[in-house]
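Visitor: Need a 3D model of the following:
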Amino acid sequence: MKFELQYTDPRSNARAGLITTDHGQIETPIFMPVGTLGSVKAVHLHELKEDIKAQIILGNTYHLYLRPGLDTLEKAGGLHKFNGFDRPMLTDSGGFQVFSLAGIRKMREEGVEFRSHIDGSKHLFTPERVMDIERTIGADIMMAFDECTPGTADYNYAKKSMELTHRWLDRCITRFNETEPKYGYQQSLFPIVQGCVYPDLRRRSAEYIASKNADGNAIGGLAVGEPTEKMYEMIEVVNEILPTDKPRYLMGVGTPVNILEGIERGVDMFDCVMPTRNGRNGMLFTKDGIMNMRNKKWENDFSPIEADGASYVDTMYSRAYLRHLFHAQELLALQIASIHNLAFYLWLVGEARKHIIAGDFSTWKPAMVKRISTRL
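Guide: Model prediction:
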């Protein structure tokens, strides 16, 4: 994988770059739709590629490991062949599941023992095992195994957790270097900065991660319960240390405003389930603000969902029709809303890139934050 830093905003840390992988190029800043189980929920492959214009998507190591399972994925030739998405992909490491499955897992130095949420069967994730799993899934970018601490963790817990993540990282790197890609193209390993909301821990972790000289670096453990301003502070602390010639990936963040704030602070890559999850519940993000499509105010509004929207669904369907679909519990509502929101997110990072290149990101961004924060 190669990264070319092409432009930097003269008044902020916002950057525009180009990531090149064996499955294609990615223009940054970029938003990556989340395809937990090998599919982006409610979205066809054609729509994902042609209408939403996704340049890269995510897969979830924990979920794909449980089903369809590694045997099926390997026989298919990896996730690209299995789901038909021939552009770059990234897999997380299961670290967030370590955080979220607190009631059904046991964590120790070796790794994490957990029970499947599907059938209760017992499994063990070690750094070595996770590297093997991600090799089998076959994503272009693999994430190192980490523990994602909650944003409310106390200092001592956050410190011990960060140190464990660092020891696991060393084991991930050793295993990654001992193994080869399975499907004839190269894979990259990204380590993850942890340290909760404590600046000294974040600095220490960022220095440790930067010393590994990986193809790219990730910032984890944010948007997990801490105040939003703390999240922005930690991004600033970390990005003062992470190398400028490598892509920076902020994991699991966030709202459209979060993304613009992250870009301003030097982040290149984002992912979040929010556009699809919120979309399936009737929330649409638009260029003029946020719409709750279940509201009665749209009942007789026959104007387009968004007249100059980012996707074909915006002009094809009216607000009144989409509201009707949600109230009638028609599956088409989930599809329309998901396509719209994802296309909007990709449009937003694309606009940010244009303004970084034009040199006026710092004047464009505040006005856009105010505009997209409005409740319609």
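
Visitor: for the residue lying closest to Tyr321 once chain neighbours are set aside, what are its contacts?
Guide: Distance criterion Cβ to Cβ, 6 or more residues apart in numbering; nearest residue to Tyr321, sequence neighbours excluded, is Phe302 at 8.0 Å. Heads up, the C-betas are built off the backbone N, CA and C, glycines and all. Neighbouring residues of Phe302 by Cβ atoms under 8 Å, 6 or more residues apart in numbering: 318-321.

Visitor: Any chance of those residues in TSV with pLDDT and distance to Arg204 as columns?
Guide: Formatted as TSV, the contacts of Phe302 follow (pLDDT from 0 to 100; distance: Cβ to Cβ, whole Å):
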residue	pLDDT	distance to Arg204
Ser318	98	54
Arg319	98	50
Ala320	98	55
Tyr321	98	54
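
Visitor: of these, closest to Met368?
Guide: Nearest to Met368 out of the contacts of Phe302 is Arg319 (Cβ to Cβ; 22.3 Å).

Visitor: Pull up the gap between Thr36 and Asn60, please.
Guide: Separation of Thr36 from Asn60 (Cβ to Cβ, to the nearest Å): 4 Å.

Visitor: neighbour-wise, which of these two wins?
Guide: Each of Thr36 and Asn60 has its neighbours counted (other Cβ atoms under 10 Å); Asn60 has more, 20 against 16.

Visitor: is it true that the more buried one touches Ser93?
Guide: No. Look at Asn60 against Ser93 with Cβ atoms under 8 Å: they stay out of range, at 9.7 Å.

Visitor: picking that back up, mind giving me the PyMOL command for buried ones among the contacts of Phe302?
Guide: A single PyMOL command selects the buried members of the contacts of Phe302 (16 or more other Cβ atoms under 10 Å):
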select buried, resi 318+319+321
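
Visitor: which of the contacts of Phe302 sit farthest apart?
Guide: For the contacts of Phe302, the farthest-apart pair by Cβ to Cβ is Arg319 and Tyr321; their separation is 7.4 Å.

Visitor: Show me where this structure dips below the pLDDT cut-off.
Guide: For the chain, applying pLDDT under 70 flags the ranges 98-99, 102-103.

Visitor: Please go through it and pick out the longest helix.
Guide: Taking DSSP state H as the criterion, the chain has its longest helix at helix 331-358.

Visitor: next SSE after that helix?
Guide: Toward the C-terminus, helix 331-358 is succeeded by helix 361-372 as the next helix or strand (DSSP states H and E).

Visitor: That next one vs helix 331-358, what angle?
Guide: Orientation check (axes from the mean of the first three to the mean of the last three Cα atoms, to 10 degrees): helix 361-372 against helix 331-358 gives 160 degrees.

Visitor: what sits up against helix 361-372?
Guide: Counting by Cβ under 8 Å, 6+ apart, 9-12, 14, 256-257, 260-261, 263-264, 285-290, 348, 351-352, 355 sit against helix 361-372.

Visitor: What about this structure, which residue is the most distant from its middle?
Guide: Asn300 (36.2 Å; Cα atoms, centre = their mean).

Visitor: you'd agree that residue is up against Arg319?
Guide: No. In terms of Cβ under 8 Å, Asn300 does not count as a neighbour of Arg319; the distance is 9.2 Å.

Visitor: quick one: which of the contacts of Phe302 is nearest Pro247?
Guide: Arg319 (37.6 Å).

Visitor: Pretty sure Pro243 sits against Ile209.
Guide: No. Taking contacts as Cβ under 8 Å, Pro243 lies outside contact range of Ile209: 9.7 Å.

Visitor: With neighbour numbers in mind, choose between these two.
Guide: The neighbour comparison of Pro243 against Ile209 (other Cβ under 10 Å) goes to Ile209, with 26 against 16.

Visitor: so that one, which of the three states?
Guide: Secondary structure assignment for Ile209 (DSSP: H, G, I helix; E, B strand; the rest coil): helix.

Visitor: got the contact list for the residue nearest the centre of the chain?
Guide: The structure's the chain has its C-alpha centroid closest to Asp271; by Cα atoms, centre = their mean the separation is 1.9 Å. Contact analysis of Asp271 by Cβ under 8 Å, 6+ apart lists 31-34, 58, 90, 249, 251-253.

Visitor: Specify the beta-bridge partners of it.
Guide: Counting by DSSP bridges, Asp271 forms beta bridges with Met32, Val253.

Visitor: quick one: it from Tyr249, how far?
Guide: Separation of Asp271 from Tyr249 (Cβ to Cβ): 8 Å.

Visitor: for Thr72, same thing?
Guide: Using Cβ to Cβ, Thr72 is found at 28 Å from Tyr249.

Visitor: Neighbour count: the two, which is higher?
Guide: Per other Cβ under 10 Å, whichever of Thr72 and Tyr249 has more neighbours is Tyr249, with 25 against 11.

Visitor: hang on, that one in a strand?
Guide: Yes. Under three-state DSSP, Tyr249 falls within a strand.

Visitor: so it sits right up against Ile219, yeah?
Guide: Yes. Counting by Cβ under 8 Å, Tyr249 sits close enough to Ile219 to count as a contact (7.0 Å).

Visitor: Mind listing the shared neighbours of the two?
Guide: Residues touching both Tyr249 and Ile219 (Cβ under 8 Å, 6+ apart) are Val267.

Visitor: on that earlier part again, for the residue nearest to Tyr321, grab phi and psi.
Guide: The phi/psi pair for Phe302 (degrees, to the nearest 10) reads phi -100, psi 10.

Visitor: At which residues are the strands of the stretch 201-350 of the chain located?
Guide: Remark: strands assigned in the stretch 201-350 of the chain by DSSP state E, counting those that start in this stretch are 217-219, 248-250, 269-271, 283-286, 289-292.
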